[in-house]
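Peer 1: Sequence below, structure please.
(one chain, ligands or ions: 1)
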Amino acid sequence: MTERIVVIGASGQLGFDLMRAFADLGPIGVDHATVDIERIDTISGMIARFKPTLVINTAAFHNVEHCEIHTDRAFAVNSVAIDSLAAQCEVSGVPLVHISTDYVFDGLASEAYAEEAPVNPINVYGISKLAGELLIRQRTERHFIVRTSGLYGLRGSSTKGHTFIQRMLAQAYAGQKLAVVDDMTFSPSFTLHVAKAIRDIVERGTFGTFHVTNTGQCTWYEFAAEIFRQAGLSPDMTPVTTEAFPSQARRPKFSPLRNAAIARLGLPPLPGWKEGIADYLAERVSSPGLRRSAM
Ligand SMILES: NC(=O)c1ccc[n+]([C@@H]2O[C@H](COP(=O)([O-])OP(=O)(O)OC[C@H]3O[C@@H](n4cnc5c(N)ncnc54)[C@H](OP(=O)(O)O)[C@@H]3O)[C@@H](O)[C@H]2O)c1
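Peer 2: Residues are numbered from 1 along each chain as shown. I've put the predicted structure just below:
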């Protein structure tokens, strides 16, 4: 097993749980101030200093709305910087784990997407992340591209500052009426489950592209309903269509991921999406100090 693991974006929600998943190996977490993937000197400096045997990159420009407006930033971070990172890793002989997204798909399928399914992103974020994937594959064979979906974790997203679950619970406790989208289906995923699965994949040592999500699928409305059921709450909640929330970006209406490559490696499936919620809620109760923002 590799032993000098650097996690880029370690203060983000997935980065935080990757640090936990690899904790016994003493991973080195680097934040944005230390390594900016847009600056080659900070990447090469990191490699020279830590001599990693594995680099895991979680950094991205992933606010879907902002990507539509700031296309240049989306491609700078999600594509061009990833190209440089992959090139630096290749030159140094370091395998790269990179996190990608269900948004590389158009959402027109009727069953969950396997890794080999044709890609066809429908917004700038998805296009820029797909370009990142393509550039990595061209630069280095030693890659693990991990597509995941609908992340939530104890730290909360560094861009949004909260998770969907936190927002739902806060609105319910405040007695607000809720309108939740019921025509968009995905695989919500708890970052600790995803991080542990990434470790399992890396330990198998087979490079390639992997779908890593909690098992199963639901709409955002069904996701919210299950959150409230587990939290013992019954807020006033109405199912609505995506048109209720006008947006700059088109989003795939159906983007569950089938974790086929994990199964081919003989690894166990990730816990179901309802178990993801249960484990997340249990951790929130037992470790309130670890949250980025309290509800
Ligand atoms: N969130 C989701 O639902 C979701 C779904 C599918 C795929 N993904 C992918 O999963 C990955 C992790 O997502 P996340 O939710 O954990 O994100 P996050 O909480 O926003 O964490 C991203 C981390 O990367 C850092 N970062 C941003 N730009 C950077 C740069 N140029 N150089 C170095 N570090 C930089 C951020 O630091 P600062 O905050 O200090 O800038 C932050 O620590 C991303 O690649 C994303 O595309 C996310």
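Peer 1: give me the residue from the protein nearest the ligand.
Peer 2: The minimum distance from the chain to the ligand, using C-beta to the nearest ligand atom, falls at residue 12 (2.0 Å). All C-beta spots, glycine's among them, are computed from the backbone N, C-alpha and C.
Peer 1: Now look at stretch 191-199 and say if it contacts the ligand.
Peer 2: No: Stretch 191-199 stays clear of the ligand (C-beta under 6 Å from any ligand atom), getting no nearer than 6.6 Å.
Peer 1: Residue ranges in the stretch 151-295 of the chain under the pLDDT threshold?
Peer 2: Where the stretch 151-295 of the chain drops to pLDDT under 70, the residues are 288-295.
Peer 1: Apply 90 and report the result again.
Peer 2: Applying pLDDT under 90 to the stretch 151-295 of the chain flags residues 155-162, 246, 284-295.
Peer 1: The ligand contacts on that one?
Peer 2: Residues of the stretch 151-295 of the chain lying close to the ligand (C-beta under 6 Å from any ligand atom) are 151, 157-159.
Peer 1: if we can go back for a sec, without its sequence neighbours, what residue ends up closest to the residue of the chain closest to the ligand?
Peer 2: What sits nearest to residue 12 in space, not counting adjacent residues and going by C-beta to C-beta, 6 or more residues apart in numbering, is residue 158, at 4.6 Å.
Peer 1: about what we covered before: for the residue of the chain closest to the ligand, the count of nearby residues, please.
Peer 2: 28 (other C-beta atoms under 10 Å).
Peer 1: Quick check: phi and psi on it?
Peer 2: Here is the backbone geometry of residue 12 (degrees, to the nearest 10): phi -80, psi 180.
Peer 1: Now do it, the pLDDT please.
Peer 2: We have a pLDDT of 95 for residue 12.
Peer 1: next one: residue 2
Peer 2: Note on residue 2: pLDDT of 50.
Peer 1: buried set for stretch 208-220?
Peer 2: Judged by neighbour count using 16 or more other C-beta atoms under 10 Å, the buried positions of stretch 208-220 are 209-220.
Peer 1: ok, the residue nearest to residue 12 - contacts?
Peer 2: 9, 11-13, 292 (C-beta atoms under 8 Å, 6 or more residues apart in numbering).
Peer 1: taking those residues one by one, which sit in helices?
Peer 2: Among the contacts of residue 158, DSSP state H puts residue 13 in helices.
Peer 1: Between the contacts of residue 158, identify the one with the most neighbours.
Peer 2: Neighbour max across the contacts of residue 158 (other C-beta under 10 Å) = residue 12, 28 neighbours.
Peer 1: So which elements touch the helix ranked longest in the chain?
Peer 2: In the chain, taking DSSP H as the definition, the longest helix is helix 124-139. Where contact means 3 or more C-beta pairs under 8 Å, 6 or more residues apart in numbering; DSSP states H and E, helix 124-139 is packed against helix 64-69, helix 71-75, helix 81-92, strand 96-101, strand 143-148.
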